[in-house]
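In: Test case, fold it:
(one chain, ligands or ions: 1)
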Amino acid sequence: MGQDRLHALMARGTAFLGCEVAVLGGAMSWVSERNLVAAISNAGGFGVIACGAMTPALLDAEIAGTKALTDKPFGVNLITMHPDLSELIDVCARHGVGHVVLAGGLPPAGSLERIKGSGAKLICFAPALALAKKLIRSGVDALVIEGMEAGGHIGPVSTSVLAQEMLPEIADKLPVFVAGGIGRGEAIAGYLEMGAAGVQLGTRFVCATESIAHANFKRAFIRASARDAVASVQIDPRLPVIPVRALKNAGGELFTAKQREVAQSLDEGRVAMAEAQLQIEHYWAGALRRAVVDGDVEHGSVMAGQSVGMVSREEPVAAILAELMTQAAAALEKRAA
Ligand SMILES: Cc1cc2nc3c(=O)[nH]c(=O)nc-3n(C[C@H](O)[C@H](O)[C@H](O)COP(=O)(O)O)c2cc1C
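Out: Numbering: from 1, shown residues only. The predicted model follows:
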């Protein structure tokens, strides 16, 4: 009975994504490449390739590589500030990618039309209700609402508050996926009952057997508890940086030094604000690579959400999804009893 209710509550999400369970594997730079993405889609979820700083040629190869590992649908995450955004959209279109997730703010001029014109569905992040309404008016097909419990770049508001504020207002207008801090199926059941079409998880998938993250990166996740996943601090009020949630380590101090360096360049007029912010984003991409790929979890950035405390072992994606679904179904059954 719990299973039936779960599938009924996920129906809108699964129909929209074209998969069996309405769980998106949130794109994670360096982690969400062909192996993890294909594994999530093969297990019935919806994998999303993190394009991050990839060139169009690299994205082309990654999509082809993913297609070689799965015949199930998957998506591509593009970042709005990427200088080659139009070319990246065209690469997705040539491959017939069905869903593009656009991160990093409102879609730049022309990108929404370009994505939808290719026949792909467009999923955007809505950090506040007013922005969600604006995005809906502009014609996006689905939204992700992500709270500050999440790993990686974060907004200021928690998932539970965003869900309460936004779902009653927008869940009947388009599919909404809730992200940030989800570690167990009971929480998934709760958000579905509040009107979400599905959920997006990142942290829980990092230690999947199929994830290519370095063994040190996975070990750091397995050891960490919720309170170890902290948000970066902005040290200079003139240089607004988007906070990043990652495990506490010596890399935190490196970021403080980087901010000082960039703020000084800004003061001396050597860089403009947009360039300063881009330098910060390049710093994060490099620091994350250092930890995920090279395994330097002391000086690199170990981006992780607060649900990291619920990651206790390396296990296949199929086992992670099955456990989440069993917990969700049991919770729904209990509530109905
Ligand atoms: C290591 C790591 C890297 C991430 N990189 C990206 C990224 O490149 N683009 C993006 O849109 N989100 C990124 N995220 C956010 C995830 O896609 C997802 O929304 C988030 O992890 C969900 O919250 P959770 O970590 O609490 O499950 C990243 C998260 C982590 C943990």
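
In: Residue 172: neighbour count?
Out: 9 (other C-beta atoms under 10 Å). In this view, the C-beta of every residue, glycine as well, is placed from N, C-alpha and C.

In: ok, now how distant is it from the ligand?
Out: 23 Å (C-beta to the nearest ligand atom, to the nearest Å).

In: Excluding covalently adjacent residues, which one is nearest to the closest residue to the ligand within the stretch 1-150 of the chain?
Out: Closest approach between the stretch 1-150 of the chain and the ligand, counting by C-beta to the nearest ligand atom: residue 26, at 2.6 Å. Once flanking residues are discounted, residue 26 sits nearest to residue 202: 3.6 Å by C-beta to C-beta, 6 or more residues apart in numbering.

In: What is the burial count for that neighbour?
Out: 26.

In: who does whatever helix or strand residue 144 lives in pair up with?
Out: Taking DSSP states H and E as the criterion, residue 144 maps to strand 142-146. Note on strand 142-146: by DSSP bridges, its sheet partners are strand 121-125 (parallel), strand 176-179 (parallel).

In: In PDB, list the C-alpha atoms belonging to the longest one.
Out: Output in PDB follows, covering the C-alpha atoms of strand 121-125 (Å, rounded to 0.1, in the frame of the first residue of the first chain):
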ATOM      1  CA  LYS A 121      12.600  20.400 -21.300                       C
ATOM      2  CA  LEU A 122      14.100  23.200 -19.200                       C
ATOM      3  CA  ILE A 123      14.600  22.900 -15.400                       C
ATOM      4  CA  CYS A 124      15.700  25.900 -13.400                       C
ATOM      5  CA  PHE A 125      16.600  26.600  -9.800                       C
END
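
In: List the backbone torsions phi and psi for residue 201.
Out: phi -120, psi 140 (degrees, to the nearest 10).

In: residue contacts, residue 182?
Out: 159, 188, 191, 199, 200, 201, 204, 307 (C-beta atoms under 8 Å, 6 or more residues apart in numbering).

In: Three-state assignment for the fifth one, please.
Out: Just to be clear, that refers to residue 200. strand (DSSP: H, G, I helix; E, B strand; the rest coil).

In: residues in contact with it?
Out: 23, 24, 25, 26, 144, 146, 177, 178, 179, 182.

In: Spit out the contact partners of whichever residue of the chain sits closest to the ligand.
Out: The ligand sits closest to residue 202 of the chain, with a gap of 2.0 Å, by C-beta to the nearest ligand atom. For residue 202, the contacting residues are 25, 26, 27, 28, 150, 151, 152, 179, 305, by C-beta under 8 Å, 6+ apart.

In: How about residue 326, nearest residue that isn't a chain neighbour?
Out: That would be residue 185: by C-beta to C-beta, 6+ apart, it lies 6.6 Å from residue 326.

In: Revised request: answer the last question for residue 1.
Out: Residue 1 sits nearest to residue 333 (C-beta to C-beta, 6+ apart), 5.5 Å away.

In: Would you double-check that the one you found falls in a helix?
Out: Yes - counting by three-state DSSP, residue 333 falls inside a helix.

In: Number of residues surrounding it?
Out: With other C-beta under 10 Å as criterion, residue 333 counts 16.
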